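K.L.:
fold the stuff below for me.
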Amino acid sequence: MIFTGGLRSLLPLAVRSLIRFNKLSLSNTSGMAEGYKQANVVILHKSLADDFEKFCKANDGPLPLLYRSKPGDWTCPSLSTHSDIRTDCLLYRKYENGACTGILTSLKEYSNKLKDMVTFYLGCSFTFEKSIQKIGIPVRNVEQKCNVSMYKTAVPCFPVSGFHCNLVVTMRPVPGDKLEAVVQATYLLKESHGAPVHIGNPGLLGIQDIAKPDYGDPVQPHSGDVPVFWACGVTAMEAVSNCKSPLAFTHAPGCMFVTDLKNEDAAVSYATEIPDVHCISQNPLHYSIASSTAIQKIRDLENIIGTDPGNRGVKHLCCQDELLKACLSISHARSVLITTGFPTHFKYDPPEENDGPPGAIAIAAMIQAMGKDVVFVTDKRAIHLNKKIIEDAVQQGVLKTQVSLLSYQGDSSESALRFLCEDENPERPRFDHLIAIERAGMAADGNYYNARKVNIKHLVDPIDELFLAAHIIPGVTTTGIGDGGNELGMGKVKEAVKKHIKNGDIIACDVEADFAVVAGVSNWGGYAVACGLYILNTCEVHERYLRKAVGFPRLSKQECWASALPSIAKEEKLLRILIQHRVCSGVTASLEMEVDGLPFYSTHSVMIEKLLHGTL
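P.N.:
Numbering: from 1, shown residues only. Have a look, this model is predicted:
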């Protein structure tokens, strides 16, 4: 028996020779021939080869194709010399009609069958382990001398003919302060699965118990470690099983084919992008990835909307990266709830202001374009008004389709949970993300105040309860967008509001959102969120992370997303709709002209131009 320590320094040819002659009694090849690429192996009848190759190309995250042999060819000259796929893996799996019917140490007895079969060599994550060790990132499975943990997920791969399955992932615990380093070290290695497809809670992938891997061994994390998941070539085994071919072979999980190619040969760059990592949720723990270029663009947007036209002290409420984290979180959401509405003009019926609805509609338009579900919730007294605004927005082409409109009354202590979750079950939320934009927020004394300290509680339904309940529902995050500190969600910056905003000690909202987006005018914050979502979804690094490296890039939809961006023409249409329904400007807006005798936000046009310039 030869110990792993000795195998690390051996050349691949020597390792393959030891495997070929059964000189090893190890269960996996992790750490062997350090610095050289390893490969997953799939052997199929030649009649299935073309479809399987298409399946690999359609899901190149888990199935990066290194080499396809000709029928009956047991060598792979572009990957290795003096190799024989019949003998050079530690263990093989035999499949008959989709069932694994045996674990083998050699395929020589099937040589006649193999003459009509094609071998596929697929990239493996073992390849990058040495690379991350070199920069001081521990590889726990190597430290613990065990196989890596592998899990079936609930993420479907893109199907091709008879090949279909869910994604399989490997998991390596990584210290929390090393997450960005491990992502940046692996994202270039596209042929070895590239960057992680998920960082954080395994339940978000559909993994029920991280202590019970479907393949490989349990790997024990250290204190402060975060689970990091990469797409895995064992996905191919699931596809082979589902294909139900009369006969097929694969390597056994962790028992790879060791090639002669050095790790440096595996680096394939995603242009010049560098990925950054950001935490977007603590319950459950969830991180997201985007390129540094995309992140800088969103930071620029955040600076732009921080302009304070009324010199009200808004700049003191701004916290860096709140817009970024909100956009990242919304980008991962499947269903989004948006609320707006701040009663200001008491001589009108309804007494609404036009700061809020245009920004809410801008966000909704982008969410619709990205194929997510979106609903509005507002005060019962304003349902008819908002229904007409939405209908007119659809008719004018500002919104693609109708948005469902709901009200919330908060009749009992269970009302919020009943509204947000199916059957009041916190494990089945109807919405992943809640957004409040220029929505009156409850102060510490339970009342709702406008900027002049006027109590408007009688005009406001208790939608705050939904945001409070969201904090205790795992997987639901919230964003508040405001420009004065008395808006729903601004409880996150209430101390700054009390210190820097006029009447802040009275009007400050006490209800926190996970992310507080502060803008000189709240509509600007809504426009910035829409622009930020566009930036993220046209970022290759983030887009790949969203789809878990399976299926084809969605960047072909870029034109559709661009058409959903806010524009001056759309804003003018919306403001005319609002004016038609007697929704007037807020008292703090910068007003420079009138339309049909009523105020018009001329400064918004300049702001939209700036936001679009920073987006496109």
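
K.L.:
okay, now the unreliable bits of the stretch 451-600 of the chain?
P.N.:
Residue ranges of the stretch 451-600 of the chain with pLDDT under 70: 584-600.

K.L.:
so which residues of it form helices?
P.N.:
For the stretch 451-600 of the chain, helices defined by DSSP state H, counting those that start in this stretch occupy the ranges 464-470, 494-500, 504-507, 522-537, 540-546, 558-563, 568-580.

K.L.:
show me what the last one is packed up against.
P.N.:
Here helix 568-580 is seen to pack against helix 357-369, helix 383-395, strand 593-595, helix 602-615 when contacts are counted using 3 or more C-beta pairs under 8 Å, 6 or more residues apart in numbering; DSSP states H and E. Any C-beta I mention is one placed from the backbone N, CA and C, and that applies to glycine too.

K.L.:
tell me, which of the ones you listed is the model least confident about?
P.N.:
Ranked by mean pLDDT, the helices and strands packed on helix 568-580 bottom out at strand 593-595, which scores a mean of 41.

K.L.:
just the pLDDT for residue 2.
P.N.:
Per-residue confidence (pLDDT) for residue 2: 43.

K.L.:
repeat for residue 110
P.N.:
Among the per-residue scores, residue 110 shows a pLDDT of 97.

K.L.:
give me every residue that touches it.
P.N.:
By C-beta atoms under 8 Å, 6 or more residues apart in numbering, the contact list for residue 110 reads 86, 249.

K.L.:
circling back: wait, which of the helices of the stretch 451-600 of the chain is closest to residue 364?
P.N.:
Each of the helices of the stretch 451-600 of the chain was scored for nearness to residue 364 using C-beta to C-beta, and the closest is helix 522-537 (8.8 Å).

K.L.:
gap between the closest one and the chain center?
P.N.:
Distance, stretch centre to chain centre, for helix 522-537: 16 Å (C-alpha atoms, centre = their mean, to the nearest Å).

K.L.:
could you check the angle helix 568-580 makes with it?
P.N.:
Orientation check (axes from the mean of the first three to the mean of the last three C-alpha atoms, to 10 degrees): helix 522-537 against helix 568-580 gives 140 degrees.

K.L.:
could I have helix 522-537 exported to PDB, CA atoms only?
P.N.:
Only the C-alpha atoms of helix 522-537 are listed here, as PDB (Å, rounded to 0.1, in the frame of the first residue of the first chain):
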ATOM      1  CA  SER A 522     -37.600  57.700  -3.600                       C
ATOM      2  CA  ASN A 523     -38.500  57.200  -7.300                       C
ATOM      3  CA  TRP A 524     -34.800  57.500  -8.100                       C
ATOM      4  CA  GLY A 525     -34.200  54.600  -5.800                       C
ATOM      5  CA  GLY A 526     -36.800  52.600  -7.700                       C
ATOM      6  CA  TYR A 527     -35.200  53.400 -11.000                       C
ATOM      7  CA  ALA A 528     -31.800  52.400  -9.600                       C
ATOM      8  CA  VAL A 529     -33.100  49.000  -8.400                       C
ATOM      9  CA  ALA A 530     -34.500  48.400 -11.900                       C
ATOM     10  CA  CYS A 531     -31.100  49.400 -13.500                       C
ATOM     11  CA  GLY A 532     -29.200  47.300 -10.900                       C
ATOM     12  CA  LEU A 533     -31.200  44.200 -11.800                       C
ATOM     13  CA  TYR A 534     -30.400  44.800 -15.500                       C
ATOM     14  CA  ILE A 535     -26.700  45.100 -14.700                       C
ATOM     15  CA  LEU A 536     -26.600  41.900 -12.700                       C
ATOM     16  CA  ASN A 537     -28.500  39.800 -15.200                       C
END
